[in-house]
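Trainee: show me the folded form of this:
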Amino acid sequence: MKKAGLARFFYGLFFLVRFFYTLEKSQREPFMIRAQALSKKFAAIQAVRDLSFQVEKGEVVALLGPNGAGKTSCMRMLSGYLRPDSGNALIAGRDSCRDPLAAKRQLGYLAEHAPVYKEHNVLYYLNFIAKARGLAKAKAQTAVDDIFQSLNLNSIAFQPISTLSKGSMRRVALAAAVLHRPPALLLDEPSDGLDPIQKQLVRSLILELARNSAILMSTHQIDEVLALCPRTIIMAKGVKLLDQATDDLLRQSKYHNAVSFVASESIAARAALEGLSGVTGFEQNAADGRLYVFVHGNKPQGQLIADKLTQKNVPFSDIRLEYGRLEEVFSKAVAEAG
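Mentor: Residues are numbered from 1 along each chain as shown. The predicted model follows:
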């Protein structure tokens, strides 16, 4: 009996030491999410090829690409649910394949089709998730209360999950993924199926979580990237094409620093601005009559253009400085990749 008790003691001690080692290592690890030369092939299809990047605590990084780009395969490899053919997927310094339990403790993963227990109501399900995550009773209660408030779930707390709309079910799945406030988050299309009000709730939550977490967000929604992600990775056909600050990508757009306004007399407006220093061309949107004036260099020319139109008595309204179009840069990068 003494030997059995001693064995249990050392067995427990081993796991306690391992837990604190994992915790201390995750706190030292500068990159909470890291892909190292990840590759994955399905039959003849190369889903992901030699993909490398990292995400630090405090970053929200967009993984942007068309359908079939390899975004979901990348997320599944990082989460440990799909084994790569080669390369390493690391969460807080722990290998998702070689040490999956340690990696998953540091991770929250919202899958593209996140599983939920539809036979339960929302409150029961999220309490179950909090318990499964090992949260102490008081901490679990606080976590559940906070996520109900953040995602406006109170009105559906006792509703069976099977009866929820697509948007409400997506919010419940997101709540389950982030409930324990992990240092690393993988969010695959977090706004899928949400209405504008629900989208705003989710965006606010993601920005709040980013204070203490590294977040990789797979999406094809440009407005989501512009609202949340200071950095963007563009993928196509399993390959990383670009990995830059979102603002730097916008500067690559032909619309960056263009000046646009609504012109009822577009011919007169063009004539007034033709030959103006720095003006290189024009483009008009036939749908709303907005005229785009392209300028040379990075110096904003909005005031100069407004003054010239006023001087020439050309009517105009709603003048604005354009920051660039990410969809244009994205489409060009994908097209050039073939």
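Trainee: centroid-nearest residue for the protein?
Mentor: Central residue check for the chain by C-alpha atoms, centre = their mean: the C-alpha nearest the mean position is that of residue 217, 2.4 Å away.
Trainee: how about low-confidence regions in this structure?
Mentor: When the per-residue scores of the chain are filtered using pLDDT under 70, the ranges that remain are 1-29.
Trainee: helices of this protein, residue ranges please.
Mentor: The residue ranges that make up the helices of the chain, judged by DSSP state H, are 2-28, 71-79, 100-105, 122-132, 137-150, 166-178, 196-209, 222-228, 246-251, 266-273, 302-311, 326-336.
Trainee: quick one: these as CSV, columns for distance to residue 94 and mean neighbour count too.
Mentor: For glycine as for every other residue, the C-beta is placed from the backbone atoms N, C-alpha and C. Converted to CSV, these look like this (distance: least, C-beta to C-beta, whole Å; neighbours: other C-beta atoms under 10 Å):
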stretch, distance to residue 94, mean neighbour count
helix 2-28, 7, 11
helix 71-79, 11, 25
helix 100-105, 4, 18
helix 122-132, 19, 18
helix 137-150, 23, 16
helix 166-178, 18, 21
helix 196-209, 20, 16
helix 222-228, 26, 19
helix 246-251, 29, 18
helix 266-273, 59, 17
helix 302-311, 50, 15
helix 326-336, 32, 16
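Trainee: switch those over to JSON lines; also include distance to residue 116.
Mentor: Putting these into JSON lines (distance: least, C-beta to C-beta, whole Å) gives the following:
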{"stretch": "helix 2-28", "distance to residue 116": "27"}
{"stretch": "helix 71-79", "distance to residue 116": "17"}
{"stretch": "helix 100-105", "distance to residue 116": "18"}
{"stretch": "helix 122-132", "distance to residue 116": "7"}
{"stretch": "helix 137-150", "distance to residue 116": "14"}
{"stretch": "helix 166-178", "distance to residue 116": "6"}
{"stretch": "helix 196-209", "distance to residue 116": "16"}
{"stretch": "helix 222-228", "distance to residue 116": "22"}
{"stretch": "helix 246-251", "distance to residue 116": "32"}
{"stretch": "helix 266-273", "distance to residue 116": "53"}
{"stretch": "helix 302-311", "distance to residue 116": "49"}
{"stretch": "helix 326-336", "distance to residue 116": "32"}
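Trainee: OK, contacts around the closest residue to the residue nearest to the centre of the chain other than its chain neighbours?
Mentor: Nearest residue to residue 217 in three dimensions, chain neighbours excluded: residue 187, at 4.6 Å (C-beta to C-beta, 6 or more residues apart in numbering). With contacts defined as C-beta atoms under 8 Å, 6 or more residues apart in numbering, residue 187 is in contact with 110, 174, 177, 206, 215, 216, 217, 218.
Trainee: among those, which two are most distant?
Mentor: 174 and 216 (14.5 Å; C-beta to C-beta).
Trainee: isn't residue 176 up against residue 129?
Mentor: Yes - Residue 176 is in contact with residue 129 according to C-beta atoms under 8 Å; the separation is 4.7 Å.
Trainee: common neighbours of these two, please.
Mentor: For the pair residue 176 and residue 129, no residue contacts each of them under the criterion C-beta under 8 Å, 6+ apart.
Trainee: how's this structure carved up into domains?
Mentor: Here the domain assignment for the chain is 26-251, 259-322, based on automatic domain parsing.
Trainee: of those domains, give the one that comes closest to residue 336.
Mentor: In terms of C-beta to C-beta, the element of the domains of the chain nearest to residue 336 is domain 26-251, at 8.1 Å.
Trainee: tell me how far that closest one is from the chain's mean position?
Mentor: Using C-alpha atoms, centre = their mean, to the nearest Å, the distance from the centre of domain 26-251 to the centre of the chain it belongs to is 8 Å.
Trainee: likewise for stretch 316-327?
Mentor: For stretch 316-327, the distance from its own C-alpha centre to the chain's C-alpha centre is 24 Å (C-alpha atoms, centre = their mean).
Trainee: pull out the buried residues from that stretch.
Mentor: By neighbour count, with 16 or more other C-beta atoms under 10 Å as the criterion, the buried positions of stretch 316-327 are 316, 319, 322, 324, 325, 326.
Trainee: the second one touches residue 258, doesn't it?
Mentor: No - with contact defined as C-beta under 8 Å, residue 319 does not reach residue 258; the gap is 11.4 Å.
Trainee: show me the contacts for the residue nearest to the centre of the chain.
Mentor: Contacts were defined as C-beta under 8 Å, 6+ apart; by that measure residue 217 touches 60, 61, 62, 63, 187, 190, 206, 224, 228, 229.
Trainee: TSV for those, including distance to residue 252?
Mentor: Putting these into TSV (distance: C-beta to C-beta, whole Å) gives the following:
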residue	distance to residue 252
60	21
61	18
62	16
63	19
187	26
190	26
206	25
224	20
228	20
229	16
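Trainee: just the ones of those residues in strands?
Mentor: In strands, defined here by DSSP state E, the members of the contacts of residue 217 are 60, 61, 62, 63, 187.
Trainee: quick check: bridge partners of the second one?
Mentor: Meaning residue 61. For residue 61, the beta-bridge assignment (DSSP bridges) gives partners residue 216, residue 231.
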